[in-house]
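> Following is a predicted model, sequence given first.
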Amino acid sequence: MPNRSDSEPTGLHPETQPLYALVAGRLREDIASGGMSTGDRLPSERVLAERYEVSRVTMRSALTRLSDDGLIASSPARGWFLHEGRTPAPAPPSPARPSAGRAVQGFADYALRHGLAVRTHVLESGVRAATITEAEELRIAPGAPLFTMRRLRFLDDLVVVAEYNRLPLALCPVLPETDFTRASLYATLRQASPPQVPYVADYSVEARQPNEEERGLLEITDVTPVLVATQLAFNQDAKPLELTAAIYRGDRYRFRASITD
């Protein structure tokens, strides 16, 4: 049960990319326009972080992205260098924004579409200050109010996933007063004023063995693995809307997506 539409492209509109990806794109453009030659050394990570006004963690992620693309390479104790044999070039154009008929699906949307009974058990919910990492992902100020919720989701009374949702409270102030044992999170967001429509998402999935707490929550008694999905959803205005970590039973979840140019 993917939390995104089966037809949704994997590419993101430029404003909806993670912060490190935006910084990587800016750095790529600066390298291309700065007349650098093969083997030239980049400024230190500290200097680059100050120049682009981001944390060193975000800067390191941006540099790693360009390293993965083969544009730069690191040398232990010496820093980052323009990769030998590579000519700096501007970043390729970003994919087009998905059409209006495509949007991120929530768990309840999936259940409704497939005629399944959905049940939710809220483990905990409340409002707290956003951490620095969460603030960078959601593009809010560190310490800004964040609505958080942990819950178990069931289909036809079979537990499928444990979710951890984090959303900027300013986008939908009614979240703390909403009974999410009955209400759909995405339906609540769509009914906000102004509406917050989950439009596109940056989504990743990895498999691993569950820990003891996850075994208990997901009723795993054998060697069944879990699939850990991390999603950063963006609204119709390309603003970060929801950061979610979802831990699925591997025998009750299938991820399906269409890949487009």
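On my side now, so go ahead. Numbering: from 1, shown residues only.
> And for residue 212, the neighbour number?
Using other CB atoms under 10 Å, residue 212 has 7 other residues around it. Yep, even glycine has a C-beta here, placed from its N, CA and C like the rest.
> let's number from 49 now, not from 1
Renumbered: residue one is now 49, and that last one reads residue 260.
> Next one: it, what pLDDT does it get?
Model confidence at residue 260, given as pLDDT, is 96.
> mind listing what's buried in stretch 188-208?
By neighbour count on 16 or more other CB atoms under 10 Å, the buried set for stretch 188-208 is 188, 193-203, 207-208.
> my bad, stretch 206-219
Those would be 207-217, 219, for stretch 206-219 by 16+ other CB under 10 Å.
> now, which of the buried residues of stretch 188-208 lie within strands?
193-203, 207-208 (DSSP state E).
> Most widely separated two among those?
Greatest spatial distance in these: 193 and 203, 31.8 Å, computed using CB to CB.
> With pLDDT added, can I get the buried residues of stretch 188-208 in a markdown table?
As requested, the buried residues of stretch 188-208 are exported to a markdown table (pLDDT from 0 to 100):
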| residue | pLDDT |
| --- | --- |
| 188 | 94 |
| 193 | 98 |
| 194 | 97 |
| 195 | 98 |
| 196 | 98 |
| 197 | 98 |
| 198 | 97 |
| 199 | 97 |
| 200 | 97 |
| 201 | 94 |
| 202 | 94 |
| 203 | 91 |
| 207 | 95 |
| 208 | 94 |
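> can you give me the helices for the stretch 49-198 of the chain?
67-81, 93-100, 104-116, 155-161, 180-186 (DSSP state H, counting those that start in this stretch).
> With respect to residue 262, which of these lies nearest?
Comparing the helices of the stretch 49-198 of the chain by CB to CB, helix 155-161 comes nearest, at 17.5 Å.
> where exactly do the strands run in the chain?
120-123, 127-130, 166-177, 193-203, 206-216, 248-256, 274-282, 288-297.
> Tell me the helices and strands packed up against the second one.
To tie it back to what came earlier, the one meant is strand 127-130. strand 120-123 (3 or more CB pairs under 8 Å, 6 or more residues apart in numbering; DSSP states H and E).
> Let me know the average pLDDT across the strand it packs on.
pLDDT averaged over strand 120-123 gives 84.
> likewise stretch 239-249?
87.
> Let's have the buried residues of stretch 188-208 in JSON lines, adding distance to residue 170.
Shown next, in JSON lines, are those (distance: CB to CB, whole Å):
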{"residue": "188", "distance to residue 170": "23"}
{"residue": "193", "distance to residue 170": "19"}
{"residue": "194", "distance to residue 170": "17"}
{"residue": "195", "distance to residue 170": "12"}
{"residue": "196", "distance to residue 170": "11"}
{"residue": "197", "distance to residue 170": "7"}
{"residue": "198", "distance to residue 170": "8"}
{"residue": "199", "distance to residue 170": "5"}
{"residue": "200", "distance to residue 170": "8"}
{"residue": "201", "distance to residue 170": "10"}
{"residue": "202", "distance to residue 170": "12"}
{"residue": "203", "distance to residue 170": "17"}
{"residue": "207", "distance to residue 170": "14"}
{"residue": "208", "distance to residue 170": "15"}
